[in-house]
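Student: Structure of the sequence below:
(one chain, ligands or ions: 1)
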Amino acid sequence: SDVGSQKERVVTVEEWLQKWEMGNIGFHKEQRHPLLQKYLDVLLNGRSGLRIFFPLCGKAVEMKWLADMGHSVVGVEVSEQAVKEFFSEYSLPYCEEPVPEISGAKMFQSTSGNISLYCCSIYDLSSSIVGKFDGVWDRGALVAVNPCDRQSYASLMINLVEKNSSYLLVTVSYDPNKHKGPPFYVPESEIKSLFG
Ligand code: SAH
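Tutor: Numbering: from 1, shown residues only. Model prediction:
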């Protein structure tokens, strides 16, 4: 298929913030993603107490699920509203602090310490700020990234993972001429060239 029709499309941060304000968040699901349940063993690979990263996390319910299993969850989300809704919907007490390395960024951390959500653009993160991860749950993330930013996104993600990590990626398959996205259509050939 021709993905050229989506190549120039850009969704700005302001538009994402507006989606949250207006409640246009059809991407948010109340139920845990069936593919995470199906491939949980692949993600964990017999390990416990992992550091798991949620890029472009929204208020994904799977963060609470994995944290309750004893893992340490780190997410990044540009909408402060989304981050606050996550904690309030689970009635989780949290604290809020600035991130010295990133101007304007805040980190929201559950009082229990096992969920840390960075409120900033993912492109401002680096492994010197958030460390490296044993696992990644990428749903609504690569496919939400503007096509022109995919390369920087993939390079960053490769940088944020440990050698023996597992990266679960969910994409969607459809005719890109019929829908402008997001979610964008990212063909498997492109995933191979982005992640190797
Ligand atoms: N992964 C989540 C949300 C998917 S929607 C889920 O499964 O429900 C994509 C999310 O990315 C939105 O909440 C949007 O606000 C956020 N976002 C968009 N651009 C971003 C950026 N550059 N940095 C961080 N978050 C971003």
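Student: rest of the way, CA atoms for contacts and neighbours
Tutor: OK.
Student: Okay, buried residues for whichever strand or helix holds Cys95 please.
Tutor: Using DSSP states H and E, Cys95 sits in strand 94-98. By neighbour count on 16 or more other CA atoms under 10 Å, the buried set for strand 94-98 is Tyr94.
Student: and it, which strands flank it?
Tutor: Here strand 94-98 is paired, per DSSP bridges, with strand 106-110 (antiparallel).
Student: what is the mean pLDDT for stretch 114-126?
Tutor: Mean pLDDT, computed over stretch 114-126, is 98.
Student: how about it as CSV, C-alpha atoms only?
Tutor: Extracted C-alpha coordinates of stretch 114-126, given in CSV (Å, rounded to 0.1, in the frame of the first residue of the first chain):
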residue,chain,number,x,y,z
ASN,A,114,6.3,2.2,41.8
ILE,A,115,4.7,4.4,39.2
SER,A,116,6.5,7.5,37.8
LEU,A,117,4.9,9.5,35.0
TYR,A,118,6.9,12.2,33.3
CYS,A,119,4.8,15.1,32.0
CYS,A,120,6.8,16.4,29.0
SER,A,121,7.5,15.5,25.4
ILE,A,122,9.1,12.1,24.9
TYR,A,123,11.8,13.8,22.8
ASP,A,124,13.0,15.6,25.9
LEU,A,125,13.9,12.3,27.6
SER,A,126,17.1,10.4,27.6
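Student: what's the offset of it from the middle of its chain?
Tutor: Relative to its chain's centre, stretch 114-126 lies at 9 Å (CA atoms, centre = their mean, to the nearest Å).
Student: what sits up against stretch 142-154?
Tutor: Here stretch 142-154 makes contact (CA atoms under 8 Å, 6 or more residues apart in numbering) with 6-11, 123, 171-172, 182-186, 194-195.
Student: Now Gln18: phi and psi?
Tutor: With angles defined as degrees, to the nearest 10, Gln18 sits at phi -70, psi -40.
Student: Quick check: end-to-end length of stretch 124-136?
Tutor: For stretch 124-136, the first-to-last residue distance is 18 Å (CA to CA, to the nearest Å).
Student: residues from the chain in reach of the ligand?
Tutor: For the chain, the residues found near the ligand under the criterion CA under 6 Å from any ligand atom are 13, 16-17, 27-28, 56-60, 76-79, 120-122, 139-141, 144.
Student: Next, give phi and psi for Val74.
Tutor: Backbone torsions of Val74, given as degrees, to the nearest 10, read phi -130, psi 130.
Student: hang on, it packs against Ile52?
Tutor: Yes: with contact defined as CA atoms under 8 Å, Val74 counts as touching Ile52 (6.2 Å).
Student: Just the pLDDT for Asp2.
Tutor: As predicted, Asp2 sits at a pLDDT of 65.
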